[in-house]
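Next comes the sequence, and after it the predicted model I'd like to discuss.
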Amino acid sequence: MGAPPKQQAAEVTEEHLQELERLADTAGVDVLDSFVQRLDHPHHKFFIGEGKAEELKHFVEAEGATLILFDDELSPAQGRNLERVVGTRIMDRAELILDIFATRARSSEARAQVELAQLQYMRPRLTRMWSHLSRSRSGPGMRGPGETQLETDRRLIDHRIARLKGELEHIARQRQTQRKGREGQMRASLVGYTNAGKSSILRKMSGTEVFVEDRLFATLDPTTRAVDVGEGSEVLLTDTVGFIRKLPHHLVASFRATLEEAAEADLLLHTIDASHHAWEEQLEVVREVLADLELRDRPTVLVFNKTDRLTHDEEQALRERTFAEPSIFVNTIEEGGLEPLRQLLHDEVRKIRPDVELTLSSSQGGLLAEIYREGEVLEREDRGAEIHLRARLPNAALGRLRSRGVKVYGGG
């Protein structure tokens, strides 16, 4: 029998608070204590009840706390009212995640994406969050006739948002050009909950240095590496930003350009930390975000990672379950722990590179070199002035060969 509903709710709440504490740790915040209040619906003024707000006020005064974190998103008015009562800075989960992304953004693209999301989040909260601007920016030429400082700030933010959107659109166009240059190569994207081990998989599969850290959101920028999957076949494998519960909507929207790598992939590798006690909830969170990004219908395989942390019975029970998507089981620790993934990718390459037979004249050396470069030659027979090949080639290459008069048999 399962746990009673109240006990289940308490366990979920505890799991969410533990994750909030991990987020706080990632942001460099020391957690003093945690509080829980169960309400039928949020208080319109404070989100929590007035009595709980007073309790927080006394705690802040007694412990000298400088920040209160909320696991749920607060309205601009609720955050403002709480700060007045409690007497210290209030941040909700969404703002905390944005703050973490801001400190971890390395590339110009990631920094632009995070800044855009922050500005969109902050704009309706200007009264509370941007009061410092009235002190730091004043004087002749800074305000139009009759404008308030708040109106000026909103106008400046709107201008900056427009510029950032323009920059990201330009980057998206550049990415599209780069992707065109990789046509004909199979592409797979690692997607999943933050800290599921995607970066470790990419590093081990590619044999190259990829940043790995046991903290939430270690990866923000997409990293693509060529991975050898056997018999001369390669796959372009991309590691993408991890997802999390209650991911701020503005952040998802801002990172659409980065996540287009996933949208253009031939296959999504939905990576799951099989050892995490809440992996099923995390799986659903990722599915919801993928649906929001209109990627839910992309070909997907569930990659249950970290199986080295499971007992034999736990792994066997997982293998016996039926999922909507195909599933494989891997780890980056044991010898051969990633072979199921390598074999999967090898099989997928064969699907998108059909086995064909073709005939060239001996004078078509350039085309022959192109076939060797872009495909996998399985058999070759030279018959006087003709060269007969059996090869696996991407459909785009087959189309080009046919248009240039090459006789191709098979491959659709």
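It's in.

how about residue 318, what does it touch?
Residue 318 makes contact with 274, 304, 310, 329, according to CB atoms under 8 Å, 6 or more residues apart in numbering. Glycine gets a C-beta too; all of them are placed from N, C-alpha and C.

run the last query once more with 6 Å
Not one residue lies near residue 318 by CB atoms under 6 Å, 6 or more residues apart in numbering.

Can you list the buried residues in the helix or strand encompassing it?
Assigned by DSSP states H and E, residue 318 falls within helix 312-319. For helix 312-319, a neighbour-count test (16 or more other CB atoms under 10 Å) marks 315, 318 as buried.

Return the distance of that helix from the chain's centre.
28 Å (CA atoms, centre = their mean, to the nearest Å).

and the nearest residue to residue 12 once chain neighbours are set aside, what pLDDT?
The shortest distance from residue 12 to any residue other than its chain neighbours is 7.8 Å, reached at residue 281 (CB to CB, 6 or more residues apart in numbering). The model reports residue 281 with a pLDDT of 92.

Give the burial count for residue 281, as a bare number.
14 (other CB atoms under 10 Å).

try residue 202
23.

Could I get the buried residue list for stretch 234-254?
235-248, 250-252, 254.

Show which residues not belonging to the helix or strand following the helix holding residue 318 make contact with it.
For helix 312-319, the following helix or strand on the C-terminal side (DSSP H and E) is strand 327-329. For strand 327-329, contacts defined as CB under 6 Å, 6+ apart pick out 302-304, 307, 340, 344.

For those residues, which single residue is the most surrounded?
residue 303 (28 neighbours).

thinking residue 206 is in contact with residue 229, fair?
No - look at residue 206 against residue 229 with CB atoms under 6 Å: they stay out of range, at 11.0 Å.

more crowded one of these two?
Remark: of residue 206 and residue 229, residue 229 carries more neighbours, 22 against 18, as counted by other CB under 10 Å.

Am I right that that one is in contact with residue 346?
Yes - assessed by CB under 6 Å, residue 229 is found in contact with residue 346 at 4.1 Å.

on that earlier part again, may I ask you to confirm that the residue nearest to residue 12 belongs to a helix?
Yes - membership of residue 281 in a helix is supported by DSSP: H, G, I helix; E, B strand; the rest coil.

Tell me the spacing between it and residue 373.
46 Å (CB to CB, to the nearest Å).

what's the answer for residue 332, then?
32 Å.

So which of the two has more stuff around it?
residue 332 (18 against 9).

and the more buried one, what does it touch?
Residue 332 neighbours (CB under 6 Å, 6+ apart): 200, 204.

Just the pLDDT at the most centrally placed residue in the chain, thanks.
Nearest to the mean C-alpha position of the chain, by CA atoms, centre = their mean, lies residue 241 at 2.9 Å. Here, the pLDDT recorded for residue 241 equals 80.

List phi and psi for it.
Dihedral angles of residue 241 (phi, psi; degrees, to the nearest 10) stand at phi -60, psi 140.

so where is the stretch 301-412 of the chain shaky, pLDDT-wise?
411-412 (pLDDT under 70).
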